[in-house]
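Colleague: All I have is the shape, not the residue letters:
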């Protein structure tokens, strides 16, 4: 396994990217139900109402996929194979961050066969090294039972900045973390 992390400021829908975009959509379909709520129940990667009653039934993963294409990416590539990705929004307005603006990490997904290979940590390190990110606050949100991501955030020195109790259902909080880049 020789995975490299590649920064992609714009992932355009064109013939040259067709294979990669197909892999991205396949990875989203595979990982859909691993998120709370599922990605297919969201209209965007920054949707604020994440309660179960907000789940949409009129669309599939396509809405989420389209929202991702408006973001910047770090792609974990094993040759031409997509092993995982991190999407983020620069200059994102977040009420929970001092100063109100941050580099907002919206989605991280690693393919099953690459889990345990520390790709999420590698993507965070590359993100923090990007000149456009240095000096900003990097923030993300997840759910309180996402043990793997919470462990990584703790190991990397992120601070819990906000908890929204039961935001994703009974006993499932939305938690926001941040760290100065």
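Modeller: Great, that's in hand. Note that this is a predicted model, so its numbers are computed, not measured.
Colleague: Centre-most residue in the protein?
Modeller: Among the residues of the chain, the one closest to the centroid is residue 107, at 1.2 Å (Cα atoms, centre = their mean).
Colleague: and it, what does it touch?
Modeller: Going by Cβ atoms under 8 Å, 6 or more residues apart in numbering, residue 107 touches 39, 45, 68, 85-87. (C-beta placed from N, C-alpha, C; glycine too.)
Colleague: Now flag whichever of those residues is closest to residue 6.
Modeller: Using Cβ to Cβ, residue 85 is the member of these that lies nearest residue 6, at 9.7 Å.
Colleague: what mean pLDDT does the longest strand seen in the chain have?
Modeller: Longest strand in the chain, counting residues (DSSP state E): strand 81-93. Strand 81-93 shows a mean pLDDT of 97.
Colleague: list the helices and strands that strand packs on?
Modeller: Applying 3 or more Cβ pairs under 8 Å, 6 or more residues apart in numbering; DSSP states H and E, one finds that strand 81-93 contacts helix 18-31, strand 72-78, strand 101-110, helix 119-129.
Colleague: which one of these lies closest to residue 170?
Modeller: Closest to residue 170 of the helices and strands packed on strand 81-93, according to Cβ to Cβ: helix 18-31, at 23.6 Å.
Colleague: What residues of that closest one count as buried?
Modeller: 20-21, 23-24, 27-28, 31 (16 or more other Cβ atoms under 10 Å).
Colleague: can you pull the buried residues of the worst-scoring helix or strand of the chain on mean pLDDT?
Modeller: The helix or strand of the chain with the poorest confidence is helix 62-68; it has a mean of 89 (mean pLDDT, DSSP states H and E). Buried residues in helix 62-68, counting neighbours by 16+ other Cβ under 10 Å, are found at 63-65, 67-68.
Colleague: All set now, cheers.
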